[in-house]
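A.B. asks: got a predicted structure plus its sequence, pasted below:
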Amino acid sequence: MKLNILNSPDDAVINLAHYFVTLAEQSIATNGKFSVALSGGSSPKKLYELLASIDFKNKVDWENVYFFFGDERYVPQTDKDSNYLMVKTALFDPLQIDDSNIFAVETDLSPIEAAAEYTKAITLFFDDEPVHFDLVLLGLGDNSHTASLFPHTEILHDNSASVKEVFLDDQQIYRISFTSGLINNAHHIAFLVYGAGKAEAVHHVLEDNRNIEEYPAQLIFPTHGDVRWFLDTAAAADLKKK
């Protein structure tokens, strides 16, 4: 694990954008493609907008980048809360990404069917090869969740490397999420976390005793790849070891 602690949120986003470009270049040069699982939320939106900007859009061979979603809200793809719609607006449309490079969750199916079909789509993409994403992007909630691995949900104890439906009792909604096993199979994992409101969660996940029920992001421990955290100083403020 490597911590990258930057002075500001913008610096954290810029550093992660450079890391994205480096991994994309290496993967495309080696394998002819770059597979990335995206995260939703306001923090990664800044990253996607930066990657689509004049400063970065020509640094990546986008025709050979394939996009998946580490989790999705169970809403129509046209809904304002859809991760797909957010990324489409911030990244896919500005870069004119071909539809064949985008793997969205089919939220018009039932939650269990949507999860099963997404698992199938991922398996087919990797064909006979092991399912190892080149990069999985993650955020961190103030309750220490990541992707849709929320505290006290059944998915926390799912040992498969797949996609599952998650029902959130407090919100009475479903989400569709990678399991920790699927995330941990990735070659590279990157957390983007900034703001003082995330400092306590960062401390819990990185420095408290293991308690996945309370701090689900502690589940993220890659089996053969690496994980990097891109933090600003405010999000890292409660860490004792930096």
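C.D. replies: That came through fine.
A.B. asks: just the pLDDT at residue 242, thanks.
C.D. replies: At residue 242 the predicted local confidence, pLDDT, stands at 69.
A.B. asks: got any ranges where the protein has weak pLDDT?
C.D. replies: 242 (pLDDT under 70).
A.B. asks: now the strands for it?
C.D. replies: 2-6, 34-38, 65-69, 71-73, 135-138, 163-168, 173-178, 188-193, 226-232 (DSSP state E).
A.B. asks: bridging residues for residue 232?
C.D. replies: Judged by DSSP bridges, the bridge partners of residue 232 are residue 6.
A.B. asks: let me know the angle separating the longest helix seen in the chain from strand 188-193.
C.D. replies: As assigned by DSSP state H, the longest helix anywhere in the chain is helix 9-31. Our comparison of helix 9-31 with strand 188-193, counting by axes from the mean of the first three to the mean of the last three CA atoms, to 10 degrees, yields an angle of 170 degrees.
A.B. asks: what's the angle from helix 9-31 to strand 226-232?
C.D. replies: 160 degrees.
A.B. asks: hmm, back to that, now the strands of the chain as CSV including distance to residue 146 and mean neighbour count?
C.D. replies: C-beta: built from backbone N, CA, C; applies to glycine. Formatted as CSV, the strands of the chain follow (distance: least, CB to CB, whole Å; neighbours: other CB atoms under 10 Å):
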stretch, distance to residue 146, mean neighbour count
strand 2-6, 16, 16
strand 34-38, 12, 23
strand 65-69, 14, 21
strand 71-73, 9, 25
strand 135-138, 5, 26
strand 163-168, 12, 21
strand 173-178, 9, 25
strand 188-193, 7, 25
strand 226-232, 11, 21
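A.B. asks: could I get the ones you listed as CSV with distance to residue 84?
C.D. replies: Below are the strands of the chain laid out as CSV (distance: least, CB to CB, whole Å):
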stretch, distance to residue 84
strand 2-6, 28
strand 34-38, 9
strand 65-69, 7
strand 71-73, 7
strand 135-138, 14
strand 163-168, 14
strand 173-178, 11
strand 188-193, 19
strand 226-232, 23
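A.B. asks: tell me what the longest helix of the chain is packed against?
C.D. replies: Judged by 3 or more CB pairs under 8 Å, 6 or more residues apart in numbering; DSSP states H and E, the packing partners of helix 9-31 are strand 2-6, strand 34-38, helix 42-51, strand 188-193, strand 226-232.
A.B. asks: surely residue 232 is in contact with residue 9?
C.D. replies: Yes: between residue 232 and residue 9 there is a contact under CB atoms under 8 Å: 5.0 Å.
A.B. asks: so what sits against both of those two?
C.D. replies: Residues touching both residue 232 and residue 9 (CB atoms under 8 Å, 6 or more residues apart in numbering) are 194-195.
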